[in-house]
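Engineer: got a sequence here, can you model it:
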Amino acid sequence: MTDFRKQFFDELLIMAKKDKKIHLLVADLGYSFKEKFEQELPGQITNVGVAEQNLISMAAGMALAGLRPYCYSGLIFLLMRAFEQIRDDICYNKLDIKLIGTGASGFLGFTHNLGGTENEEDLLKNLPNLKRFYPQNIKELRQALKHKGAAYIRL
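Structural biologist: Now for the predicted structure:
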């Protein structure tokens, strides 16, 4: 599996420079990747800390106000800790929010792993109105980032 974290931040920075409605929300990670985005567009990024449920509810409020949120977190915390908020706030309302999940490759310890892609799909298949993307190259990553509507993108 290719590590797209740097490419994600580079691509989103290009998009966000052209579209001031793009706002990146991070859950206290992305270090060594997010700094350039933070330096160049400090008003378009928010680190919510270790608070994935709040991350999702904040993104929903932003989307309802006309912004285009991109939520970046470890996939286990993004999907499991904030599952109800994703379902209720994003999916049921069909909001244009991108969920960017990282950490699918490699074992990071029992508390930081979802238990394989089968468990990831078990969660995702129950979320209505959410398009799933698993990019394998930069072209697919760009397409996923530009998708209109709710989307989950695994890096």
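Engineer: read off the pLDDT value for Asn54.
Structural biologist: With respect to pLDDT, Asn54 has a value of 97.
Engineer: residue contacts, it?
Structural biologist: Asn54 sits next to Val48 when contact means Cβ atoms under 8 Å, 6 or more residues apart in numbering. The way it works is simple: take the backbone N, C-alpha and C, and place the C-beta from them, glycine included.
Engineer: that one - that's part of a strand, no?
Structural biologist: No: remark: Asn54 does not belong to a strand; assigned using DSSP: H, G, I helix; E, B strand; the rest coil, it is helix.
Engineer: show the contacting residues for Met62.
Structural biologist: Met62 neighbours (Cβ under 8 Å, 6+ apart): His23, Leu25, Pro69.
Engineer: what helix or strand does it sit in?
Structural biologist: helix 52-64 (DSSP states H and E).
Engineer: off-centre distance for that helix?
Structural biologist: 11 Å (Cα atoms, centre = their mean, to the nearest Å).
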